[in-house]
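Pasted the sequence and its predicted model underneath.
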Amino acid sequence: MDNILQVRDLAVDFTTDIGITKALNGVSFDVPRGQVTAIVGESGSGKSVTANCVMRLIQPPGRIVSGSIQFSPSQGSPFDIVSLADKDPRLHELRGGLISMVFQEPMTALSPVYTIGNQVAEAILCHRDVGKAVAWQEATEMLIRVGIEDIERRMFMYPFEFSGGMRQRVVIAMALVCNPEVLICDEPTTALDVTIQAEVLTLIRDLQHELGNSVLFITHDLGVVAQLADYVVVMYQGRVLEIGTVRQVLKTPMHPYTQGLLQAIPGLARAGERLATIESVVGDADITTPYPLVKLADGRQVSLPPQSTPGGQESE
Amino acid sequence: MNDVSIDTGLATATPRQLAWQRFKRHRLALASGIFLLLIYTLAFVCEFIVPYKTDTRNVQAINAPPMSVRFFDMEGNFHLRPFVYGYDMKVNDDTWMREYTDNPDKLYPLRFFTRGESYRFWGFFEFDHHLFVAGQGGYVHLFGTDQLGRDLFSRVFYGARVSLSIGVVGVVMTLVLGVLFGGLAGYLGGLMDRAVQRMIEVLQSLPTLPLWMALSASLPVEWSSIRVYFGVTIILSLFGWTTLARQVRGRFLALREEEFVVAARLIGAGKLRVIFRHMLPSFASHIITTATLAVPGMILGETALSFLGIGLRPPVVSWGVLMQQAQNYQVIVMTPWLLLPGLFVVLTVMAFNLMGDGLRDAADPYSTGGQS
Amino acid sequence: MSEVLLEVKNLCKSFEGVVAVEDVTFDLLRAETLGIVGESGSGKTTVARCILRAIDPDTGTVQFNSSNGWVYLTNLPHRELVPLRREMQMVFQDPFASLNPRMTVREIIEEPLIIHGERSRSRRLDQVMDILDRVQLERDSLTRYPHAFSGGQRQRIGIARALVLRPSFIVCDESVSALDVSVQAQIINLLEDLQRELGLTYLFVAHDLSVVQHICDRVLVMNRGRVVESGTVTDVFERPQENYTKLLLSAIPSTDPDVPLQPLDREQLGI
């Protein structure tokens, strides 16, 4: 399979007062080219740390201890992001050029003192050798594309004059304007109201279909995963528990933790009854021991004790 | 990082213990704290620490340089008891300046915890023991002497008592004014808030130095030194409280909306309980930090006023008064040790600032460091 | 139909000229759970806080069926509200900000008892222990400070503080929104268990429709300070009448990849 990113045995430590916390502990997964891969997990699962590793944004007290992230751009030779030197020109090319990121809080990604048009054009000028007029023109087009109306006026407005949903659209425009090969979205809709979230999700989905770039989507919301992702990586306490296509993972989850996560969502079907909790679903199953991921016949990977990995699946 | 509580003593630590742990990590702040503790202790018992009173003159040593404490004499013999050499004075024929050299015949051993000049400790009771005095009828001037032959070491520590306490007394007054006005503005809001705000703005827009000067100049000349001392302190705090009041007001406004304060109101807690049980402890640490950072301002204020000759006046000894002697370039060339009080001002102010920084970082109960 | 516990009539509140709540009227029945859903800025939290008088409403009335008969909450001076605090309490959204970081768990849970005049230390401790068991917290939690607990455990402390006075009416202001899915499920279960055991009445404010759908009997949908639709959960969620409700429901992403997200268009609905 053609993977644009191959993450292998990634380990990240955070040194705190209490000692060393293993934020990531041997994380491996692939991001297939032109597809949407979602990393889903609760707080402390390490999903955001993983995203930050891809952008090389890990700062002390955090440290990438080991592992590799093989990046294979469509042009040029593949290289390992982890082993790039801090001053390597490829790192600048990577950040915001080949790979760009959308964060949870749009206000932190936008400068309050520049107009929207200025900031999006700046993103182009930063990475491509074009004139200001061209940059401005392309910024306008991209902002129209993400659904900003009344563009002539809005280009000259400041972020605080925009609503939360609009700001997130601007951030997405900024992220896409250099035509990145990988778009990383770290909980981009978590701070938004549900109706706005629906609009932004639809936008990301449509743009991905249109532009065909690869997306790494970080979220805690399985509903968002179901609507957007082609592949799902389930993380828990700095490890990957299960990898598969969205239908495999959400319709027939194999790992008890994934099953618990799905059943704990309050939904119509179980109204009035007690909600399942992770504990009640997982029961005695061991979800904390780091078993290696086992690849099954249908392509999915799951981290389970060797004896409980269903053998029947492998012969399918 | 996860839903398990970490059991390393962190779980049962009180917020104060956590703050102390964070403060300890700040090496510079900790060192500054120890330095300040030391110098305040020394200043508190300065009559005992120093060998002479502020006005004792040694006519054999006018403008004499600092002495060094020795264990080996000029022949290279080791002495268990440290000693100093007395001065040999010669007038330079060309410059007519006194020049001092060590006199090997005047070997004065230092005696510890023995009788010396008698003094009244804090003006209360007569006592005559000192930390160290020179034996055999000699003299000791670790920091040298001034143009009247007064021991600078003694004067620096007497001065420390005045300068350092002005910092603390001034800050206490600042605190009272700041918390009172800031608290009133923040808690009552409305008209009171606006009145206090405008008052602060007016006070802050006045140029401080000329105003200090005008006010200090208006202190009656016939006032006793103790009244001048308090006069100067009041003048300094009258302008110092505004920053603190603003911060207190800001914290009050922010805390009033804080969920745990709303929660306290909803369980029926009265105003006083809300303020004293929930709000004040939450910004006590900020107040302490601000106060710490305000002390050097006070010390510098006193030093500046006294240096200009309009603050404390001799015979009161403060660092500012001592520095006033070092106002001309002759001093810097001829008797540079008279600048030593300046070094103490610098060290103290720096220590307060560093400690304040450390306290500020330690004060936040949620900055446990790292990812949790 | 069971007894009415709370009657809200024509409640209005604006902040510096901006209308937050406009003409909100509803009843709350004893032992039911009434949900208020809406997006940010809909005024749902303001309604909840006006009822408990954390905020004073501009106009309108709130009547509460207390153990001593009906009282007008909106007219009482704050001093006279204090005894009523025994009967109505609130569980907050943020399990971090709603607990005083400088008090131990025991002090936090005990404080309501002290305020409401329980003099005997041992009786206070008994009640604290009892409530601690009910919210399923370890007894050795008592001497610890909030920072030593996870989000879910802190929320249990918040619930314990609200319940220690044995109120009949609890306002849950986004009480499970800040929690992870797995912890959220535990807290929802806990709230439902406590309701059954203690006969509590909940006013449940939330933006998450599926939580409301799960826990509530009836629901009010709010938009821009007004109630746009109300009814039983089944009616509102399965047969929404108002366009705004339809829009909200269409925006929930299903966890089934084969049920695609097709949000309705605001403009077509005329909202």
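It's in. What you see is a predicted model, and the numbers here were worked out from it, not measured in a lab.

show me where chain C has strands.
Along chain C, the segments classed as strands by DSSP state E run C:4-15, C:18-29, C:33-37, C:59-66, C:69-72, C:88-91, C:169-173, C:201-206, C:218-223, C:226-232.

Quick one: those as JSON lines, columns for mean pLDDT, distance to B:Gly33 and mean neighbour count too.
Yep, even glycine has a C-beta here, placed from its N, CA and C like the rest. Shown next, in JSON lines, are the strands of chain C (pLDDT from 0 to 100; distance: least, C-beta to C-beta, whole Å; neighbours: other C-beta atoms under 10 Å in any protein chain shown):
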{"stretch": "strand C:4-15", "mean pLDDT": "93", "distance to B:Gly33": "45", "mean neighbour count": "18"}
{"stretch": "strand C:18-29", "mean pLDDT": "93", "distance to B:Gly33": "49", "mean neighbour count": "18"}
{"stretch": "strand C:33-37", "mean pLDDT": "95", "distance to B:Gly33": "52", "mean neighbour count": "25"}
{"stretch": "strand C:59-66", "mean pLDDT": "93", "distance to B:Gly33": "54", "mean neighbour count": "18"}
{"stretch": "strand C:69-72", "mean pLDDT": "90", "distance to B:Gly33": "55", "mean neighbour count": "12"}
{"stretch": "strand C:88-91", "mean pLDDT": "94", "distance to B:Gly33": "42", "mean neighbour count": "26"}
{"stretch": "strand C:169-173", "mean pLDDT": "95", "distance to B:Gly33": "43", "mean neighbour count": "24"}
{"stretch": "strand C:201-206", "mean pLDDT": "95", "distance to B:Gly33": "47", "mean neighbour count": "25"}
{"stretch": "strand C:218-223", "mean pLDDT": "95", "distance to B:Gly33": "54", "mean neighbour count": "24"}
{"stretch": "strand C:226-232", "mean pLDDT": "95", "distance to B:Gly33": "58", "mean neighbour count": "18"}
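
for the chain, which spans come out with low pLDDT?
Assuming you mean chain A. The model of chain A has pLDDT under 70 over residues A:1, A:17, A:268-272, A:307-316.

I was thinking of chain C, sorry if that wasn't clear
Applying pLDDT under 70 to chain C flags the ranges C:1.

Around chain A, which positions in it sit nearby?
Taking C-beta under 8 Å from any C-beta of the partner chain as the measure of proximity, chain C contacts chain A at C:39-40, C:151, C:180-186, C:188-189, C:192, C:207-211, C:213-215, C:233, C:237, C:247-248, C:250-261, C:263, C:266.

Which single residue in the stretch 201-316 of chain A comes nearest to chain B?
The stretch 201-316 of chain A approaches chain B most closely through A:Gln237 (5.7 Å), counting by C-beta to the nearest C-beta.

Now for that residue, how many residues are close by?
Neighbourhood size, A:Gln237 [other C-beta atoms under 10 Å in any protein chain shown]: 22.

isn't it right up against A:Ser303?
No. When contacts are counted by C-beta atoms under 8 Å, A:Gln237 is not listed as touching A:Ser303 (11.3 Å).

Distance of B:Thr101 relative to chain A?
56 Å (C-beta to the nearest C-beta, to the nearest Å).

ah, wrong one, I meant B:Tyr52
Distance from B:Tyr52 to chain A, by C-beta to the nearest C-beta: 50 Å.

so where do the helices sit in the chain?
Since no chain was named, I'll use chain A. Here chain A has its helices, by DSSP state H, at A:47-54, A:89-94, A:106-109, A:116-127, A:132-145, A:151-154, A:164-176, A:194-211, A:222-228, A:246-251, A:256-263, A:278-282, A:311-314.

switch to chain B, that's the one I care about
Secondary structure of chain B by DSSP H: the helices cover B:15-25, B:27-44, B:46-49, B:152-188, B:190-205, B:208-217, B:225-257, B:259-266, B:271-273, B:280-307, B:319-324, B:329-334, B:340-363.

To B:Phe127, which of these lies closest?
B:Phe127 lies closest, by C-beta to C-beta, to one member of the helices of chain B: helix B:46-49, at 7.4 Å.

so how far is the closest one off the chain centroid?
Chain-centre distance of helix B:46-49: 17 Å, with C-alpha atoms, centre = their mean, to the nearest Å.

Repeat that for stretch B:195-202.
The answer for stretch B:195-202 is 29 Å, by C-alpha atoms, centre = their mean.

Which residues outside that stretch are in contact with it?
Outside stretch B:195-202, the residues that touch it by C-beta atoms under 8 Å, 6 or more residues apart in numbering or on different chains are B:181-182, B:184-185, B:242, B:245-246, B:249.

can you give me the mean pLDDT across that stretch?
Average pLDDT, stretch B:195-202: 88.

Would you mark the buried spots in it?
Residues of stretch B:195-202 classed as buried: B:196, B:200 (neighbour count, 16 or more other C-beta atoms under 10 Å in any protein chain shown).

Which residue would you name as the spatial centre of the chain?
All of this refers to chain A. Centroid check for chain A by C-alpha atoms, centre = their mean gives A:Phe217 as the closest residue, at 2.6 Å.

not what I meant, chain B
Residue closest to the average C-alpha location in chain B (C-alpha atoms, centre = their mean): B:Leu164, at 3.2 Å.

List the contacts of the residue nearest to that one when sequence neighbours are not counted.
Nearest residue to B:Leu164, sequence neighbours excluded (C-beta to C-beta, 6 or more residues apart in numbering or on different chains): B:Ala43, at 5.1 Å. By C-beta under 8 Å, 6+ apart, B:Ala43 lies in contact with B:157, B:160-161, B:164-165.

In this structure B:Gln204 contacts B:Thr242, no?
Yes. B:Gln204 lies in contact with B:Thr242 (C-beta under 8 Å); the separation is 5.3 Å.

These two: which is more packed in?
Higher neighbour count among B:Gln204 and B:Thr242: B:Thr242, with 21 against 12, using other C-beta under 10 Å.
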